[in-house]
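> Here is a sequence with its predicted model. Questions after.
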Amino acid sequence: MTRRICIAASAVLVLLSALGAAAAAAPASGAHVADFTLQDETGLAHQLYALSGKKAVVIMTQSNGCPIVRLAVPALREIRDRYRSSGVEFLLLNPTLQDTRDAVRQEAAEFQFGMSVLLDRTQKIGEAWGVNRTAEVFVIDPKSWTLVYHGPIDDRLNYESQRPVQHAYLTDALDALLADKPVAVASAASPGCLINFPNRQHSH
Amino acid sequence: MSHIRHVGLSAAALGCFAGPVFALNPGDVVEDFRLTDQSGQSHELYYLSDMKAVVLLAAGNGCTASRAASRSLESLRARYQARGVEFLAIDSNLKDTPDSIAKEAKADGVGLPVLTDELQLIGESLGFVRNGEILIVTPQDWKVVYRGAAEKGAHHYAAAALDATLAGAPVKISRTDGGGCKIAMAERERRSAHAQISYEKTIAPMLSAHCVACHRQGGIAPWQMSNYDLVRGFSPMIREVVRTKRMPPWHADPHYGVFSNDRSLSAEETKTLVHWIEAGSPRGDGTDPLTQVKKDWPVWPLGTPDLVVDLPKFDVPATGVIPYQMWTVDNPLDHDVWVRAVDFLPGARSNLHHIIATIGGEMAGGKRDTDGSLADFVPGSEPLQIPPESGILLKKGAKFGFQAHYTVNGKPVTDVTQMGLYFMDKPPQYRYRAAIMANPHIEIPANTKAYTNDAVYKFDREVLVYSLHPHAHFRGTAAEFVAQYPDGREEILLNVPRYEFNWQTTYELKTPIVLPAGTAVKYSMTYDNSTQNKANPDPNRVVPWGQQTWDEMLFGVIRFRYLTVDASPARTAQTSP
C-alpha cells in the first residue's frame, strides 16, 4: 500500500516538474512505526519491538560532526537520567551514508554519548521515517507503536546560537505519555544538519 | 535486514522525495534563503516564521507585468501587512543592480523590499520563469499555497488566497498563469551539464582553498572536509549554509569595498558549488584531492615570534553560554618595542571563537586607553601584519588586555592560548592607530525587531584607513560605516547586512583609503531584540550598554595612520556619541 501511494505521488511530481522534488514530509503524529533491527556502533543488534515493555522509546537522529547534535546530546543525557527509571528508552539513530561504524564509535567516545547509536547505513529507516535533519527526536509509544512526538528536544538550540529554553517539547511529551494523556505539542520545527538521502527519490 | 518486512511510518508515504526543488508548485516546500535588498538590508525567508503568510514576487526592471504586480502587491501590503503578511520581491535579472532597482522602485512609488538574486540560485530554486509571477507561502510549514498572477481583470487571486489562508481555509484557486517577462537564466538550461562539474578538478580545490583551513583535523570547524564521502554527506547542508549566507563566514555586502581578508566564495564558485550539489554531488573520475590535504600546519606561519605571551588557562564546559573572559596580562619586557605583526596560537582551536587584544591596560577613570588596540583573533584569520612604515608601540610596563570568547562544542576542554609578537628593528615612520567609535547611551527597547543607533568619529587630520571592525553582541544584526566628506558627499565604506556575533571580523581594506581632514565616519548598528532573533537571551528586557553578551555594545574600530609622518605619542582617541 505504502509503495503504491509513493509511486502515484512520484508520477504526479514528475508530471509537474522534470527535475522537481519536494522535501521529505514530516511524519505525522499517530503514524504507525514498523519494527526494525539495526546494529549499534559496537556491533550489538537492537530490535525496536523488543522494547515493548517500555513506557516510551525516544530516538534522536545523529551524524558525526554536527554541532547541533553535539550540543543536544548533553541535554538528552540529562533527560535520560531523569526518565530512565520511569521506563523510557533512549537511543540515537545515524542514518548517514558517510559515517562508518568506527567513526561513530570514535564520536560517541569523544562526546560521551552514553547512548547506543543505531547505524542505518542503508538509510532505509531514515527514508521511511521522513528524517530530514539531525537532532530530530522521535517519541514512540510502545503500547501501540505509534509516533507521539517528532521535533527537537526543546527550543534552545539554533545555528551558531542558543538561548534559554522556553518550550521543553520532549519532556512535555514524555510527561503526557507517562500520565496517559494526549501530547499537546506533537511536532515542532527542528534545527539540525540536513542529512543527504541521495536515493530517496529512487527508492520506491 | 532481509527479514524486516515493514520499516516505514505509514504517514511517510505522503512524502517520498527529498532534494532541491526546481519548480515549486502548491504543496511544495520553499527552502530557506537569505538575500540583500535594494537598500542593503538583509532578509532571511525563515526569519519570517512569525508571519501568517509571505508573498514573493518575481520582479525585474523594465517589465510591465512586474511593475503591475508590484503595484498590486503594494496595495495588498497596505491591507494585509498589519494582519501578519510579509511581501518581498526578488529580482533575478542579471542586468539589474541594487541601484537600478532602487531607482525604478522609487519612480513607481513601490516601497516593497526588492531582493537582488544576482547569482540566480534562489530564482532557479523558486522555479521563477517569468517576472510578474507571485508565490504565496505559509510559514507554519513553508509550503506554497498559491502560484501565479497577483490579479487578472476582476479576479483578485492573491487577495483571495490571502483571505483563505488568514481564515485557515484552503486556497480555492492555487495555480494560475503568472504571465510576464521571461527571465534569462542560462544555468537553468544547463542542468545536465552540472552533473559534469568535476569534483577532482573544481570542487575539491575550491573547498581546499576556502574551507579546509577550518574544516580540518584540529581546526575550529566541527567536521572535516577530509574526503569525498564526508563532503557528499554534508552536501545538502553545504547548500543550505551557502544559500542562507551562514558559510563561508563573511558578512560584508560585496557592493561596497574590497577586502583583503574576504573569506567568501566568488559568485562563480558559489554557483558552481551549489549546482554541483543540486546535480547530486557527483564524484566523477580522478583522485580525491581532499585526502591529500596537508596534515602539518605551521605552528607560527610567520616564524618564531620575538615574544610569546601565554594567556590564562580557561576551562570550557561541554555546553551552555559562556560570558566573555576579560584578562590582564603583564608585559615581561623591560624596554619599549615597536610591533610589526601579531599572531595567536589557540590551545583549543575548536572552542576559541575570538580574542580582542589591547595594550595599555592602565585604567584611567574606568576607561581603557583606547588607542591601545593590538590585534584580533577569529577562526581562520591570518596573522595581523601591520603595513610597512607603521607600527604599534608596546611600552615597558604596559599591560596586555584580552577579551576572549569561547564557544561550546559538546565536550569539556581546557584552553591555553598564546599570542606571538613580532618586533621592528627600528621605530617606524607612522604609528598604527585606532579610532574607537562607541555609544554607551544605547537603550534597546524590548520586543523590537530593529533598533538602530550610531556613533560618529571625526578625523581632524588627513588619514589612511586600513581596516574597519564592527562589534556588538547577541542582538547586533546589521552594521554600516559611512564616510561623510567635508564637501558633503557620503560614501559607504562597509555594509554588513547580516552582522554575525559569532564572527568578530575585522574588515581589512585591500587598498587603504585616504580620508581628508574633516571627514566624519558614522558607524551605525542595528539590533534585533525580538523573539525572532534566535540568539536573543531575553526579548522582554530593555537592553543597556555593557561589556557582557547579555548587554549590548555599539562599538566600532577604525585602524589608520596619519598621512604625514608623525611619531608623536598616540593620543587617546575618543568619540562623542
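Yep, it's here.
> can you pull the contacts of the residue nearest to the spatial centre of chain B?
With distances taken as CA atoms, centre = their mean, B:His251 lies nearest the centre of chain B, 2.8 Å away. Contacts here follow CB atoms under 8 Å, 6 or more residues apart in numbering or on different chains; on that basis B:His251 touches B:245, B:496-500, B:503, B:505. To be clear about C-beta, it is placed using only N, CA and C from the backbone, and glycine gets the same treatment.
> Dump those to CSV, plus distance to chain A.
Written out in CSV, the entries for the contacts of B:His251 read as follows (distance: CB to the nearest CB, whole Å):
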residue, distance to chain A
B:Lys245, 11
B:Val496, 16
B:Pro497, 17
B:Arg498, 12
B:Tyr499, 13
B:Glu500, 7
B:Trp503, 9
B:Thr505, 14
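> which of these lies closest to A:Asp154?
Looking at the contacts of B:His251 and their distance to A:Asp154, the nearest is B:Glu500, at 23.4 Å (CB to CB).
> Kindly reformat the contacts of B:His251 as TSV and extend each row with secondary structure, neighbour count and pLDDT.
Formatted as TSV, the contacts of B:His251 follow (DSSP: H, G, I helix; E, B strand; the rest coil; neighbours: other CB atoms under 10 Å in any protein chain shown; pLDDT from 0 to 100):
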residue	secondary structure	neighbour count	pLDDT
B:Lys245	coil	21	96
B:Val496	strand	25	98
B:Pro497	coil	23	97
B:Arg498	coil	19	96
B:Tyr499	coil	22	96
B:Glu500	coil	18	92
B:Trp503	coil	19	86
B:Thr505	coil	26	89
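> the domain parsing of chain B - what is it?
For chain B, the domain assignment from automatic domain parsing gives the residue ranges B:17-185, B:189-289, B:307-428, B:433-562.
> Of those, which shows the lowest average pLDDT?
Averaging pLDDT over each of those singles out domain B:307-428 as the lowest, with a mean of 85.
> Tell me which helix or strand comes right after the helix-or-strand element of chain A with minimal mean pLDDT.
The weakest-scoring helix or strand in chain A, judged by mean pLDDT, DSSP states H and E, is helix A:2-16 (a mean of 34). Using DSSP states H and E, the helix or strand that directly follows helix A:2-16 along the chain is strand A:37-39.
> which parts of the helix or strand following that following strand are buried?
Per DSSP H and E, strand A:37-39 leads on to strand A:45-47 as the next helix or strand towards the C-terminus. Buried residues in strand A:45-47, counted by 16 or more other CB atoms under 10 Å in any protein chain shown: A:His46.
> Which secondary structure elements does strand A:45-47 sit against?
In terms of contacts (3 or more CB pairs under 8 Å, 6 or more residues apart in numbering or on different chains; DSSP states H and E), strand A:45-47 is packed against strand A:37-39.
> Check whether the strand it packs on comes near chain B.
Yes. Legend: contact between strand A:37-39 and chain B by CB under 8 Å from any CB of the partner chain is shown at A:Thr37.
> Now do stretch B:34-50: distance to the chain's middle.
Its chain's C-alpha centre and that of stretch B:34-50 lie 12 Å apart, by CA atoms, centre = their mean, to the nearest Å.
> just the strands in chain A please.
Taking DSSP state E as the criterion, chain A contains strands spanning A:37-39, A:45-47, A:56-61, A:88-94, A:117-119, A:137-141, A:146-151, A:157-158, A:161-162.
> So what does the residue of the stretch 351-500 of chain B at minimum distance from chain A look like in phi/psi?
Taking CB to the nearest CB as the measure, the point where the stretch 351-500 of chain B comes nearest chain A is B:Gly410, at 3.0 Å. Taking degrees, to the nearest 10, you get phi 100, psi -10 for the backbone angles of B:Gly410.
> List the contacts of it.
A:67, A:69-71, A:73-74, A:111, B:318-319.
> Go ahead and measure how far the strand or helix carrying B:Asp163 is from the middle of the chain.
Secondary structure from DSSP H and E places B:Asp163 in helix B:157-166. Its chain's average C-alpha position is 34 Å from that of helix B:157-166, according to CA atoms, centre = their mean.
> which is the next helix or strand following that helix?
Tracing the chain C-terminally past helix B:157-166 and defining elements by DSSP H and E, one meets strand B:181-182 next.
> got a list of contacts for that next one?
Here strand B:181-182 makes contact (CB under 8 Å, 6+ apart) with B:60, B:63-66, B:129-132.
> Low-confidence ranges, chain A, go.
Low-confidence segments of chain A, defined by pLDDT under 70, are located at A:1-26, A:201-204.
> Going by contacts, tell me the helices and strands next to the lengthiest helix in chain A.
Among the segments of chain A that qualify as a helix by DSSP state H, the longest is helix A:67-83. If contacts are counted by 3+ CB pairs under 8 Å, 6+ apart, helix A:67-83 sits against strand A:56-61, strand A:88-94, strand A:157-158, helix A:169-178.
> how does it look with 10 Å?
strand A:56-61, strand A:88-94, helix A:101-110, strand A:137-141, strand A:157-158, helix A:169-178 (3 or more CB pairs under 10 Å, 6 or more residues apart in numbering or on different chains; DSSP states H and E).
> so how far is that helix off the chain centroid?
Relative to the mean C-alpha coordinate of its chain, helix A:67-83 is positioned 14 Å out (CA atoms, centre = their mean).
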